[in-house]
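Provided below for reference: sequence and predicted model.
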Protein chains: 4
Amino acid sequence: MVKENDLVFLYGDERRNFLLKPEKKRLHTDKGYLDLENLIGKRFGEKIETNLGAVFYILRPYLYEMIMKVRRKTQILYPKDIGMILTRACIFPGAKVIECGIGSGALTTALANFVRPSGKVYSYERNEDFLKNAEKNLKKNGLAEWVEFNHCEIFNEFPQKCVDFVMIDIGSQWELVEAAYKSLKGGCRLAAICPNFEQLTRTVFTLEEKNFINIETMEIFVRKILVRPGKTRPEQRMPSHTGWIVFATKIIP
Amino acid sequence: MVKENDLVFLYGDERRNFLLKPEKKRLHTDKGYLDLENLIGKRFGEKIETNLGAVFYILRPYLYEMIMKVRRKTQILYPKDIGMILTRACIFPGAKVIECGIGSGALTTALANFVRPSGKVYSYERNEDFLKNAEKNLKKNGLAEWVEFNHCEIFNEFPQKCVDFVMIDIGSQWELVEAAYKSLKGGCRLAAICPNFEQLTRTVFTLEEKNFINIETMEIFVRKILVRPGKTRPEQRMPSHTGWIVFATKIIP
Amino acid sequence: MVKENDLVFLYGDERRNFLLKPEKKRLHTDKGYLDLENLIGKRFGEKIETNLGAVFYILRPYLYEMIMKVRRKTQILYPKDIGMILTRACIFPGAKVIECGIGSGALTTALANFVRPSGKVYSYERNEDFLKNAEKNLKKNGLAEWVEFNHCEIFNEFPQKCVDFVMIDIGSQWELVEAAYKSLKGGCRLAAICPNFEQLTRTVFTLEEKNFINIETMEIFVRKILVRPGKTRPEQRMPSHTGWIVFATKIIP
Amino acid sequence: MVKENDLVFLYGDERRNFLLKPEKKRLHTDKGYLDLENLIGKRFGEKIETNLGAVFYILRPYLYEMIMKVRRKTQILYPKDIGMILTRACIFPGAKVIECGIGSGALTTALANFVRPSGKVYSYERNEDFLKNAEKNLKKNGLAEWVEFNHCEIFNEFPQKCVDFVMIDIGSQWELVEAAYKSLKGGCRLAAICPNFEQLTRTVFTLEEKNFINIETMEIFVRKILVRPGKTRPEQRMPSHTGWIVFATKIIP
C-alpha cells in the first residue's frame, strides 16, 4: 500500500514517467492530470488514470530511477558506470566511504543505498549550489540519513581516515590522489572518473608514483535492444562516452 | 591486521593473483612459494615475499575478485552485467530476492553482499553438483549465511511470495515468467539473462503477455584501456557478448 | 583549377559544408552568401569568402561526401557498411555487379566509382520516385554513366548473368536469394543488409539451403574521437545500429 | 574455368581455407591432401576432395582474402580500417597515391586493386625485408604492376607531387605531415593510422599547424554474429583496437 511519504515511480510509457511522492499536488501531463493524493492507499503495481483516461502504473522506485531522476546541476555518473563501481569497490552494508565532489548526488544515491544501515558516505563539494541540490536529491530518495554533506574543497587530506573506498569525481583527479591515500585503509581501492584522455593519463601516472597498484582503466557501453515482433533491432543511437573509470589499490610500502 | 579466517586477495601482478585464506598451506607460484600462515598478523596493503624474493601484496577482497574467482562449473554472470542488475533491480539491505538457477554463485555473491544484514537470497538450482559448488563459493566468500540453497527445479511457483526481485538465469527463461510473477511484490522488477537471440525474443513476448511492463533489454560492454607513458591504447581484444539482460516490472491489472 | 562542371566540396566547418557545382547561383548560408560562379578558376584547396567575410574552403569531393550528401528519399547505406562491402565483395575496375534496390543511390555511388572505367552497375528499384532520385544523385556525382537504372521489381531472376557481385537491399532479403544465385558467377559473393534480427535469421537460413557457403554476418561501428589540447575524448553519442551485413558465396553442387 | 595462373580461394570451413595457385604441388591439410594441379579446368564454385574425401570449394579470391592472407612480417591494416579509408580517401581508377610505409602490403593490395588500370601506388618502406615481403604478397595477388616499391626512408619530401591521396603508416606519423603536404594536390586528403593515444594527439596537433583542415579521427569496430537455428548470438570475443584513423584535407592558405 502506498503511504504518505513513499517514493513512487509513476510510469505511463518510456517517455512519460515520474519519480514523486503522493502529495497534495496536481501532476499535469500531456495526457491529462492526476491528483497525487489519490495514490495513497493504492497498491504498488496498480494503475491510476488521468482525468482524460490515460493509464499510469504505480511502480516501486529503483536505484536506477532515483539516479536518472536526480535534479541535475552537473553531469552525472550513469548507472552503467555506477554498476561497475559497485562491483569493483569495497561497498557493503556498514562501509565508510568518501566521495569528492558530490555533483548532483547520483553516485551518492547508490553508495548510500548500499552502505545502509550502519555505514556512511562522506561527501565533499566546493560548490554550495551543487551540494544543496544533491542534498535535496538524497532527501527525496530517502537516503540523506546515510550521507554527510560537507561544503568545502579538499586539498591535502580528508578528516576521515581508515575508509573502505574513496571516489574521486573532480576535474583535476590527480590532485586528490594523496588525500585519498591518507584516508584509505591499506589494501583498499579508490576510483576516479576521467572524461578526458589527458586527465586519465595524468591520474594513472600519479597513482603509479604514489603507492597504488592494480591500476585498471575501463570504459563501459550500454546498448539497448528493441524487441518487437518481426522488427527486433538495437536502438539506432547510443551514448558512446561518459568517462573512463580508473580503479587502484593502496599499498603500504 | 589479517586474521585467521580473513579472505585475502594476494596480488603479484595482473596474471598472478589469488583469493585465499591464511591457512596452514603452502602456495606454489611460478615465482616461488609462500607459506600462507605467514599472512596472519600482517597489515592489509603490506607485501610478502616468496622464497625466491617475488613480491605479493596483501589486498582486501572486493566483490569483483570474489565474483571472478568463484570456482566455475558453469558460465558465470560477469561484473559488467551484475553491476547493471544492482542499479536496476530492487536490491538493498533487507531485500528478499529469488535467483534461479544459481550457476556457480557469481551473482549470488553480489546479491548476498548487498541484502545484508537483514535480507535473504533464495537460490534455486536443479543440478546438485552446481548447487554444492556454488554453496562452497559463497562460504569461501563469507556470504553463505544470507543465502538459502535449494536443490530443486521450479515449474509453477516459488514458495516465497512478496519478494523484491527475481533473477531468471536458466536456459528457457520464458518458462519462469509466471512463477516470477506470483512471487514478486506489485510494482517490482525481475531480470533475465538471455545468451541467444531466440531466447530473448521469446522471453520478452512472454513478459508482455503476462502483465509485465517497462520491459527493457540491453547489452553491456567493457573495454579496458592500457595507460602507459607514450603507449596508451585500448586492449586489443575484448569480450563482445555474454548475454542480453531483460528487465521488466510486474503490474496488477 | 575548378572548371564549370566540377563537383566541389565547399567546407566552412563541420556543420557548414556543401557538395555543389559552380553554377550561376547564389548560395545562402547563416554566415552570408556566395556567388557560386566565382568558384571557377580558383584552385582546389583555396578559400573563398562570403559577403560577410566567412571563409569556405574549396575541397575535392570524396566518395564519403558524395555518399553522405545524396538527396535522401530512403535510409541509406553508410560509409562504414559500404567500406566493408568494398573489401569483402568482388569489386574492381571492370566488374559487373547487380544491386537491388537502389534506395537513394549511396552504395551505387561507391560501386560505380570502383567498377570504372569498363564495368557496370545494374540497379533495380520498384519505386519509381526512389529510382529517379537515385539517378539524379548519380548524375550529380558524375557516375551515372556506369549505372543502368531499371524500374522494376525482381521476383525470379535478373536478366544479367555471370556477374561478379550481387547486393540485396530490400525488406524481404531472402526472396532474392534464388535470383541472386542465378546471376552470380560460381565462387562469387553476394551481400545483404538486414536492419532487423528476424530478417537476418531468415536470410541466413535461406542462403544455407540454397547453395551458399562461407556465410558471415557482422555489424560495424564507428566512434569519432575529438582531439583537442587537454580535452581529448570520444564523441558522446554515436550511431549504434544501421543493419547487419551478410556475405555468402555461391557454390555449384 | 580455373587456369594455371589464377589465384584460388580454397575453402573447407572457417578455419581451413587457403589462398593459392594451381601449381604442381601437394597441399597437406588435417583432413587429407590435395594435388593442386587438379584445380586446373575446374569451374569456380565446384568442389574438390582430398584423398580422405574431405570437401573443399574452389572460390574466387576477394580483396578480403588477399588482405587477410598476406604473409605478415608486420601488423597489418585490417579490412574494417581499409574499408573506411576507401570511402574517405580520393581513390578511383586512375588515382596516383603514396603510401609510407608499406608494412606487409595489406592496404597496398586494396589501393592497387582500385587505382587500376591507369593509376599507381607509390609505396615507401625503409625496412628492406618488409618491402620484399610486401612485393611478394602483391605479386601473388596479381597487383604488383600497379605498385612502385621504393626502399628508402622519407624525411622531407616524396619525389611524387600532385597525388590524390597520401597514407601515413609509420610510428612517428607527425614527421611525415610536411612531406605529405608537399605531395598532395590542393583540397586532397591524407590518412594516418595511430595505434597509440600519444601518437594520435601529436599527429592531429601537427596537422592543425600545417594547413590541414576537416581533421577527423575515428575508430572502427566489427562484431560478428553467429546465426544458427535457436542459438543466434554475437561472437564472444572481438578485436577492440587496431588504431585510430585520422583524415585531414590540405588547404592552400
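Cool, the structure landed.

Now do the strand ranked longest in chain A: which elements does it pack against?
If you go by DSSP state E, chain A has its longest strand at strand A:212-226. Secondary-structure packing of strand A:212-226 (3 or more Cβ pairs under 8 Å, 6 or more residues apart in numbering or on different chains; DSSP states H and E): helix A:79-88, helix A:197-209, strand A:233-234, strand A:237-239, strand A:244-250, strand B:55-59, strand B:212-226. Any C-beta I mention is one placed from the backbone N, CA and C, and that applies to glycine too.

what about A:Pro22, how many neighbours?
Neighbours of A:Pro22 under the rule other Cβ atoms under 10 Å in any protein chain shown: 22.

so is it in a helix, a strand, or just coil?
Recorded secondary structure, A:Pro22: coil (DSSP: H, G, I helix; E, B strand; the rest coil).

which one is it nearest to, not counting chain neighbours?
Among residues not flanking A:Pro22 along the chain, A:Leu39 sits closest, at 3.9 Å (Cβ to Cβ, 6 or more residues apart in numbering or on different chains).

How much space separates that neighbour from chain B?
With the distance defined as Cβ to the nearest Cβ, to the nearest Å, A:Leu39 ends up 12 Å from chain B.

What's the local residue count around that residue?
So A:Leu39, with other Cβ under 10 Å, has 24 neighbours.

what does the one 5 residues further on give?
With neighbours defined by other Cβ under 10 Å, the count for A:Phe44 comes to 23.

wouldn't it be in contact with A:Tyr62 here?
No: between A:Phe44 and A:Tyr62 there is no contact under Cβ atoms under 8 Å: 11.9 Å.

Return the residues of chain A in contact with chain C.
Contact residues (Cβ under 8 Å from any Cβ of the partner chain) of chain A with chain C: A:195-198, A:223, A:230-242.

Point me to the helix or strand that includes whatever residue of the stretch 151-253 of chain A ends up closest to chain B.
Per Cβ to the nearest Cβ, A:Gly186 is where the stretch 151-253 of chain A lies closest to chain B, at 2.5 Å. In this structure, A:Gly186 is located in strand A:184-194 according to DSSP states H and E.

what's the average pLDDT for that strand?
On average, the pLDDT along strand A:184-194 is 97.

about what we covered before: any idea how many residues pack against the closest residue in space to the residue of the stretch 151-253 of chain A closest to chain B that isn't next to it in sequence?
The shortest distance from A:Gly186 to any non-neighbouring residue, by Cβ to Cβ, 6+ apart, is to B:Gly45 (2.5 Å). B:Gly45: 21 surrounding residues under other Cβ under 10 Å.

what's the spacing between B:Gly45 and B:Arg223?
29 Å (Cβ to Cβ, to the nearest Å).

swap in A:Val222?
13 Å.

for A:Glu14, same thing?
28 Å.

Please apply the same query to A:Asp129.
Taking Cβ to Cβ, one finds A:Asp129 at 35 Å from B:Arg223.

who has more neighbours, these two?
When A:Asp129 and B:Arg223 are compared on other Cβ under 10 Å, the one with more neighbours turns out to be B:Arg223, at 17 against 10.

So what's the predicted local confidence for the more buried one?
We have a pLDDT of 97 for B:Arg223.

Quick one: residues contacting A:Glu46.
A:57-58, B:186, B:251-252 (Cβ atoms under 8 Å, 6 or more residues apart in numbering or on different chains).

Let me know the pLDDT of it.
Looking at A:Glu46, its pLDDT reads 97.

give me phi/psi at it?
The phi and psi values for A:Glu46, taken as degrees, to the nearest 10, are phi -80, psi 170.

Could you do A:Asp164 as well?
Torsion angles, degrees, to the nearest 10, at A:Asp164: phi -90, psi -20.

now the residue of the stretch 51-200 of chain A found nearest chain C: how far from chain D?
As assessed by Cβ to the nearest Cβ, chain C sits closest to A:Phe197 within the stretch 51-200 of chain A, at 4.2 Å. According to Cβ to the nearest Cβ, A:Phe197 stands 6 Å off from chain D.
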